[in-house]
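In: predicted structure and sequence below. I'll ask about it afterward.
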There are 2 protein chains.
Amino acid sequence: MSVANDRKSVAREQLMVTASQLFFANGFHAIGVDRIAAESGVTKMTLYKHFSSKDHLIVAILERSSEMYWTWFEKTIQGAAKPEQQMLALLQAITSQHSKSPQSSFCLYQAVAVEYPFPDHMVNQAASRHKQSVVLRLEDMCRQANLRSPEALSRQLFVLMEGFCMTARLIGPDAPPADIVQAAITLIESHRN
Amino acid sequence: MSVANDRKSVAREQLMVTASQLFFANGFHAIGVDRIAAESGVTKMTLYKHFSSKDHLIVAILERSSEMYWTWFEKTIQGAAKPEQQMLALLQAITSQHSKSPQSSFCLYQAVAVEYPFPDHMVNQAASRHKQSVVLRLEDMCRQANLRSPEALSRQLFVLMEGFCMTARLIGPDAPPADIVQAAITLIESHRN
DNA sequence: TTGAAAGTATACAGATCGGTATGTATACTG
DNA sequence: CAGTATACATACCGATCTGTATACTTTCAA
């Protein structure tokens, strides 16, 4: 089987994990392919055997992150019956994860929005696809909850989540833990019929 | 007078304006000093006569942006008497500015948080100082308004504002215009005594 | 008028960037 | 055994990065 299609390669997996961590902590432009390869314990040639360019590696990381996000998403809302409770479960999971590891609140897609700001760039498009689908999913949940103006409410909750992630970067660990959950509760309540 | 202290130099001013725009639209690492100098109609040597390094230029831009921000801030809340109305005036100004020019919602300090993530870096510190002062100012307003848990409310409003700026980057112009103002109203109301 | 300040022009240093070329060793598999 | 895939090592390419060196011009005020 051709290497380019072998999604189970250990080298490929290690490259994506390592690169993901490095990008996470340093940004995209600050990390070169040499360092990614070195810290993966792999040659640069191996990197380019698996990914045709740095941009393609980033897109692969973003798409795998998106898959992992949705797995986490569905698992998190699993216990909650009503859609309102599901949305709160998401916020609670985000904040409790934040208190354990503040760095985990950082969002790779926000970094893309900053470092690849042009919509015709493949990296930007990969991030946009993900965030667009999040907005739609939230809107879907608001609709299921039979709340007033589901579009507006979903956008409010989305902004709340994005703001939380960015605030974690800006202010640091001791940012807004439970406040955001309370804000979400207030906003949801205000959209009840 | 020495050039390094001449804050009125046209070249220095042009460099800061041009660099600011370029960083705004492309990020920091994506823009080199050569391009900044060229698009300012100035030599690279002139840039280094006024700013001892690229990082110092960025810090100067951030600090001047902060001054401009506070000028805008005080001017915006000027018409409103009550602190609650002042906070709403801020949100309304942000959203109305957004509908005129969506790019203006982008926040340079958020870009710093992504591209200079280390707290011991002077650029990161300059951005942190600004955002910290914004949080404190909001908290002050909430306290003046005699609302319940001013700390929590100010953090909620801060997250809302940060989320709005980031959403403008992530989703694009047709993001959440009036929804955020409504969210702020709801949150403020919920903290009334 | 003269002399410092401000700016120009050009060239360069040293490092790093993304990406490629060439060849070799290992290991699975038909 | 033969062939293919995977990964190795090393060296290199052109471009770009921040920052510096040197020398010439313009402006303006004491």
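Out: That came in fine, so what should we check first?
In: the residue in chain A that DNA strand C sits nearest to: how many residues sit nearby?
Out: Here chain A gets closest to DNA strand C at one residue, residue A:32, 2.7 Å apart by Cβ to the nearest atom of the strand. C-beta coordinates here come from the backbone N, C-alpha and C atoms, glycine included. Residues lying near residue A:32 (other Cβ atoms under 10 Å in any protein chain shown) number 12.
In: distance check, residue A:144 against residue B:134.
Out: To residue B:134, residue A:144 is 36 Å away according to Cβ to Cβ, to the nearest Å.
In: nearest residue to residue A:163 other than its sequence neighbours?
Out: Excluding the flanking residues, the one nearest residue A:163 by Cβ to Cβ, 6 or more residues apart in numbering or on different chains is residue B:163, at 2.7 Å.
In: just checking, that neighbour touches residue A:168?
Out: No - in this structure residue B:163 lies outside contact range of residue A:168 using Cβ atoms under 8 Å: 11.9 Å.
In: the two: which has the busier surroundings?
Out: residue B:163 (28 against 24).
In: residue contacts, that one?
Out: The neighbourhood of residue B:163, defined by Cβ atoms under 8 Å, 6 or more residues apart in numbering or on different chains, consists of A:158-164, A:166.
In: and stretch A:29-40, which residues are buried?
Out: A:29-31, A:33, A:36-37, A:40 (16 or more other Cβ atoms under 10 Å in any protein chain shown).
In: count the residues that sit near the spatially closest residue to residue A:33 that is not a sequence neighbour.
Out: Excluding its sequence neighbours, the residue lying closest to residue A:33 (Cβ to Cβ, 6+ apart) is residue A:54, at 5.4 Å. Residue A:54 sits with 17 neighbouring residues when counted by other Cβ under 10 Å.
In: go on, the one 10 residues further on?
Out: Counted with other Cβ under 10 Å, the burial measure for residue A:64 works out to 15 neighbours.
In: in contact with residue A:143, which residues?
Out: Each residue near residue A:143 by Cβ under 8 Å, 6+ apart is listed here: residue A:150.
In: who's in contact with the residue nearest to residue A:42 when sequence neighbours are not counted?
Out: Excluding the flanking residues, the one nearest residue A:42 by Cβ to Cβ, 6+ apart is residue A:11, at 5.2 Å. Taking Cβ under 8 Å, 6+ apart as the contact definition, residue A:11 lies against A:40, A:42, A:46, A:50.
In: what strand or helix carries residue A:11?
Out: Assessed by DSSP states H and E, residue A:11 sits inside helix A:10-26.
In: run through the neighbouring helices and strands of the helix or strand just after that helix.
Out: Per DSSP H and E, the first helix or strand lying C-terminal to helix A:10-26 is helix A:33-39. For helix A:33-39, the packing partners by 3 or more Cβ pairs under 8 Å, 6 or more residues apart in numbering or on different chains; DSSP states H and E come out as helix A:10-26, helix A:44-50, helix A:54-77.
In: and the longest one, anywhere near DNA strand C?
Out: This points to helix A:54-77. Yes - Helix A:54-77 is in contact with DNA strand C by Cβ under 7 Å from any atom of the strand, via A:54-55.
In: now that helix against helix A:10-26, angle please.
Out: Put simply, helix A:54-77 runs at 80 degrees to helix A:10-26, going by axes from the mean of the first three to the mean of the last three Cα atoms, to 10 degrees.
In: now helix A:54-77: buried residues?
Out: Buried residues in helix A:54-77 (16+ other Cβ under 10 Å): A:54, A:57-62, A:65-66, A:69, A:76-77.
In: and the angle for the helix or strand that it is followed by with helix A:54-77?
Out: Downstream of helix A:54-77, the next assigned helix or strand under DSSP H and E is helix A:83-100. Orientation check (the same axes, to 10 degrees): helix A:83-100 against helix A:54-77 gives 120 degrees.
In: so where's chain A shaky on pLDDT?
Out: For chain A, applying pLDDT under 70 flags the ranges A:1-8, A:175-176.
In: what does it put close to DNA strand C?
Out: By Cβ under 7 Å from any atom of the strand, the residues of chain A that approach DNA strand C are A:31-35, A:44-45, A:48, A:52-55.
In: out of those, the closest to residue B:140 would be?
Out: Closest approach to residue B:140 among these (Cβ to Cβ): residue A:31, at 39.5 Å.
In: pull up the gap between that closest one and DNA strand D, please.
Out: For residue A:31, the distance to DNA strand D equals 14 Å [Cβ to the nearest atom of the strand, to the nearest Å].
In: more neighbours: residue A:144 and residue B:134, which one.
Out: Set residue A:144 next to residue B:134 and count neighbours by other Cβ under 10 Å: residue B:134 wins out with 21 against 13.
In: mind listing what that one touches?
Out: Residues near residue B:134 by Cβ under 8 Å, 6+ apart: B:69, B:158.
In: that one: which element?
Out: Per DSSP H and E, residue B:134 falls inside helix B:122-144.
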